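1. how would this look folded up:
(one chain, ligands or ions: 2)
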Amino acid sequence: MTTNIFTRPLGDVIRQQPLVANYKKMWPFVKPYWFRAVLGLVLALPVGALDATVALFLKYYTDDVLVKKDAFFAAWIPVLIIAFVLVQSILTYIVKYLNTWVGNKITLGVRKKLFQKLLSMHSGYFDKVDSGFVMMRFNSDADTACNGLINNLRMIVTRVFSSVTLVGVLLYNSWQLTLIAVGAFSVAGGLIFIVRRKLEELVRDTVIVSSIAMRAYNEAFSGNRTIFAYNLQDDQITRFNQLMDSAFNLNMGMIKHTGWLSPVMHFIVSLGLALVFWQSSSMIVAGKITSGNFTSFVAALLMLYTPVKTMGDNYVEIKKAFLAIDRIFEVFSLKTEIADKPSASTLSGIHKEIRFENLSFAYTPGVWVLKDINLTVPVGHTVAFVGNSGGGKSTIVSLLPRFYDPQKGRVTVDGKDIRDFTLSSLRDQFAVVFQDNFLFSGTIRDNILIGRPGATEADLKEAVKNAHLDSFIASLKDGLDTVLGERGITLSGGQRQRVAIARAFIKNAPVIVLDEATSALDNKSEAVVQKALDNLTKNKTVFVIAHRLSTVENADTIVVLNQGEIVEQGTHQQLLDIEGGAYAALYNAQFKHKKA
Ligand SMILES: Nc1ncnc2c1ncn2[C@@H]1O[C@H](COP(=O)(O)OP(=O)(O)OP(=O)(O)O)[C@@H](O)[C@H]1O
Ligand SMILES: [Mg+2]
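-> Ligands and ions are numbered 1, 2, ... in the order given. So this is what the prediction gives:
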């Protein structure tokens, strides 16, 4: 059976990332809040310790009140218990507040940094990762790592300290009995460490399965039409069911490896308790301990059970947090392939020409999409790329604003490699209308103003008019302030394209890149937008890609790009004159088609 995205085994996807201890690197994120973080942990100590005082009081209550009938202790012990528990409650609140504050601050800090990282990545990175992965890595992991860590640290500190002080009470009452009890507890606690390793693996796999599930939701959402059009529901459902089954297996695996833990621990501890009872009877008879010692001891022992047992859970959670930290630092250690050189200069304008020199490019190593391209585009010229689908037209123009860098050769502006300019100054030179344009959720106005945030209302009106959007916008109740996207209206393909054209108009950049900018328009609109584009491109350097050759007839140079190679180059007339030429063939095909 061949595998596809629906049937590929999960195991392949699952076991991918290495485990590295990165938590020391968390320090910069914790540093601004370290005082509160430490304070939260320090205050958690007495919260844990106060349990022990109640157990301790029981000794005096039994010996002095119950046995000796001492009225002083009888009056004060209840009052003291109330006082201690009150202090404990107030501290618990403060500690929880402090920890939540610190945990959230650190989480948000990490999340902000992760989002920055995401936007610093090169286009090639986005080609490779999927949205579910991004959501898990950049959002959920930050929460698990920071909030999870802080909360569980607090709990473990409380519990450890509670255990230590309770053991203190045990010792105070009888060291012999303590030995028996601690022995039983150690055996029980030791079991946690046995299942530790297995658990780590399972936790990691669970995270990956959830990230794949997230992607499934995302695809169901944005791909719903494609799913319906190709009747992919069953495939998608099968795939999702598989996923849920693996999630089930993972969870059951977790229970299989950990579920026995609790009952077995319980049994061992009960055994210890039985031993304690057995031993203490003889000790009381021999007068080695008082009945108060015994009551207090048993109370402390019972109180000890909960923290010792739940410490294991906190341990698992902390482990999860560390794994999330590892994954976060994997993201932080990503290197963008496209960034400013330290020596990069600012590109202030293009005066002479843009050149492609001996340029070759591959998305995947070895698969050349552009091969040895040489092309000079003087300032003010219009160059048109035509040719077969998949020939590399969109790719060649995507090298101009450095969405990708070529592996061989270079692109130069006035003789200087574009990699020597700052990215932002380079990208300022280009206004791009893509084959498929992305509109952000927000108003039409917001979407156009992205081109130049400071533009005046008059500029905006003009851009709208030039992009042939005015009558459409006039037909909307809220005009330019109509909300698009999730909460608002959906534009047609042609309308989206015109919003993108308006955006490019308002940017008023010296170089215009039009990748099939009018392909989604009907003939009438196209004629009008074409006129608008003629306005837009006046006195500009223009790269235009078009399937409809009528739109590129007037270009200064037409480049025929087939399978990554320039096969012909010249004016419309020059290319038509080539006997049996590629352009002539394309042209005739369209011309005949029109006549028919
Ligand atoms: N992001 C990408 N990752 C990997 N390969 C890609 C990517 N984008 C395009 N390709 C491949 O590069 C080749 C050239 O694609 P390109 O989009 O440049 O073609 P095109 O000439 O613009 O085609 P069309 O006329 O259909 O828009 C194609 O074989 C395509 O599969
Ligand atoms: Mg294309």
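2. quick one: low-confidence parts of this protein?
-> By pLDDT under 70, the low-scoring segments of the chain are 1-23, 196-197, 486-488, 592-596.
3. per the record, what domains does the chain have?
-> 19-332, 439-508 (automatic domain parsing).
4. May I see the ones you listed arranged in JSON lines, with mean neighbour count and distance to Tyr583 as well?
-> Any C-beta I mention is one placed from the backbone N, CA and C, and that applies to glycine too. Listed next are those as JSON lines, based on neighbours: other CB atoms under 10 Å; distance: least, CB to CB, whole Å:
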{"stretch": "domain 19-332", "mean neighbour count": "17", "distance to Tyr583": "30"}
{"stretch": "domain 439-508", "mean neighbour count": "17", "distance to Tyr583": "25"}
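5. which other helices and strands contact the helix ranked longest in the chain?
-> Secondary structure of the chain read by DSSP state H shows that its longest helix is helix 71-120. On a contact count with 3 or more CB pairs under 8 Å, 6 or more residues apart in numbering; DSSP states H and E, helix 71-120 meets helix 27-30, helix 34-60, helix 141-173, helix 291-332.
6. Work out the gap between that helix and the centre of the chain.
-> Relative to the mean C-alpha coordinate of its chain, helix 71-120 is positioned 29 Å out (CA atoms, centre = their mean, to the nearest Å).
7. the inter-axis angle of that helix versus helix 34-60?
-> Interaxial angle, helix 71-120 versus helix 34-60 (axes from the mean of the first three to the mean of the last three CA atoms, to 10 degrees): 150 degrees.
8. Roughly how far does Ile325 sit from ligand 1?
-> Distance from Ile325 to ligand 1, counting by CB to the nearest ligand atom, to the nearest Å: 31 Å.
9. doesn't Leu149 make contact with that residue?
-> Yes - Ile325 is within contact range of Leu149, at 7.4 Å (criterion: CB atoms under 8 Å).
10. about what we covered before: so which of the domains of the chain comes closest to Glu353?
-> domain 439-508 (20.7 Å; CB to CB).
11. Need the helices and strands packed on helix 71-120 in JSON lines (columns: distance to Glu568).
-> Shown next, in JSON lines, are the helices and strands packed on helix 71-120 (distance: least, CB to CB, whole Å):
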{"stretch": "helix 27-30", "distance to Glu568": "56"}
{"stretch": "helix 34-60", "distance to Glu568": "66"}
{"stretch": "helix 141-173", "distance to Glu568": "52"}
{"stretch": "helix 291-332", "distance to Glu568": "46"}
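12. nearest to Leu484, of these?
-> Closest to Leu484 of the helices and strands packed on helix 71-120 is helix 141-173 (CB to CB; 29.3 Å).
13. contacts for stretch 177-197?
-> For stretch 177-197, contacts defined as CB atoms under 8 Å, 6 or more residues apart in numbering pick out 167, 170-171, 257-258, 261, 264-265, 268-269, 271-273, 275-276, 279-280, 283, 289, 297, 301, 304, 308-309, 311-312, 315, 319.
14. swap that for stretch 108-125, sorry
-> Contacts for stretch 108-125 (CB under 8 Å, 6+ apart): 29, 32, 134, 137-139, 142, 145-146, 328, 331-332, 334, 336-339, 363, 398, 403-404.
15. ok, now stretch 445-463?
-> By CB under 8 Å, 6+ apart, the surrounding residues in contact with stretch 445-463 are 431, 439-440, 464, 480-481, 484, 499, 502-508.
16. So which of those are in strands?
-> Judged by DSSP state E, the contacts of stretch 445-463 include Ala431, Leu484 as members of strands.
17. out of the contacts of stretch 445-463, who's nearest Pro78?
-> Phe440 (64.6 Å).
18. show me what contacts the spatially most central residue of the chain?
-> In the chain, the residue lying closest to the centroid (CA atoms, centre = their mean) is Phe138, at 2.3 Å. By CB under 8 Å, 6+ apart, Phe138 lies in contact with Arg111, Leu114, Phe115, Leu118, Val331.
19. check which helix or strand covers Val559.
-> Assessed by DSSP states H and E, Val559 sits inside strand 557-562.
20. helices and strands around that strand, which ones?
-> Strand 557-562 sits against strand 382-386, strand 565-570, helix 572-576, helix 582-595, with contacts defined as 3+ CB pairs under 8 Å, 6+ apart.
21. Over to the residue lying closest to Met214 once chain neighbours are set aside. Which of the three states is it?
-> Nearest non-adjacent residue to Met214, counting by CB to CB, 6 or more residues apart in numbering: Gly132, 3.6 Å away. At Gly132, secondary structure determined by DSSP: H, G, I helix; E, B strand; the rest coil is helix.
22. Gly132 contacts Ala220, doesn't it?
-> No - contact criterion CB under 8 Å: Gly132 and Ala220 do not qualify, at 11.4 Å.
23. what sits against Met136?
-> Shown in contact with Met136 (CB under 8 Å, 6+ apart): Val207, Ser210, Ser211, Met214.
24. Assign the third one to helix, strand or coil.
-> When the structure is reduced to helix, strand and coil (three-state DSSP), Ser211 reads as helix.
25. Tell me if I'm right that it and Gly132 touch.
-> Yes - using CB under 8 Å, Ser211 is in contact with Gly132, at 4.9 Å.
26. Report the distance from stretch 336-344 to the chain centre.
-> Between the centre of stretch 336-344 and the centre of its chain there are 23 Å (CA atoms, centre = their mean).
27. contacts for that stretch?
-> Outside of stretch 336-344, the residues within contact range by CB under 8 Å, 6+ apart are 120-125, 402-405, 419-423.
28. Start and end of that stretch, how far apart?
-> One end of stretch 336-344 to the other measures 16 Å (CA to CA, to the nearest Å).
29. wait, does it make contact with ligand 1?
-> No - Stretch 336-344 lies apart from ligand 1 when judged by CB under 6 Å from any ligand atom; the minimum separation is 13.3 Å.
30. Nearest to ligand 1: which residue in the stretch 1-150 of the chain?
-> Closest residue of the stretch 1-150 of the chain to ligand 1, CB to the nearest ligand atom: Asp127 (4.2 Å).
31. wait, is that residue part of a helix?
-> Yes - looking at Asp127 with three-state DSSP, it is inside a helix.
32. Residues of the stretch 351-500 of the chain that sit close to ligand 1?
-> Tyr363, Val369, Ser389, Gly390, Gly391, Gly392, Lys393, Ser394, Thr395, Gln435.
33. Please pick the buried ones from these.
-> Buried members of those, scored by 16 or more other CB atoms under 10 Å, are Val369, Gly391, Gly392, Lys393, Ser394, Thr395.
34. can you put the residues you listed in TSV and add distance to Phe72 and secondary structure?
-> Formatted as TSV, these follow (distance: CB to CB, whole Å; DSSP: H, G, I helix; E, B strand; the rest coil):
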residue	distance to Phe72	secondary structure
Val369	92	strand
Gly391	98	coil
Gly392	95	coil
Lys393	96	helix
Ser394	90	helix
Thr395	91	helix
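35. Tabulate those residues (JSON lines), appending distance to Gly564.
-> Below are those laid out as JSON lines (distance: CB to CB, whole Å):
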{"residue": "Val369", "distance to Gly564": "5"}
{"residue": "Gly391", "distance to Gly564": "7"}
{"residue": "Gly392", "distance to Gly564": "5"}
{"residue": "Lys393", "distance to Gly564": "10"}
{"residue": "Ser394", "distance to Gly564": "12"}
{"residue": "Thr395", "distance to Gly564": "8"}
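36. Go through the residues you listed and name the one nearest Ala584.
-> Distances from Ala584 to those, taken by CB to CB, are shortest for Gly391, at 16.7 Å.
37. Need the residues of the stretch 351-500 of the chain next to ligand 1 in a markdown table (columns: distance to Tyr587).
-> Below are these laid out as a markdown table (distance: CB to CB, whole Å):
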| residue | distance to Tyr587 |
| --- | --- |
| Tyr363 | 30 |
| Val369 | 25 |
| Ser389 | 17 |
| Gly390 | 20 |
| Gly391 | 16 |
| Gly392 | 20 |
| Lys393 | 16 |
| Ser394 | 21 |
| Thr395 | 23 |
| Gln435 | 22 |
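38. Please tell me how far the residue nearest to the centre of the chain sits from Leu119.
-> Relative to Leu119, Phe138 is positioned 11 Å away (CB to CB, to the nearest Å).
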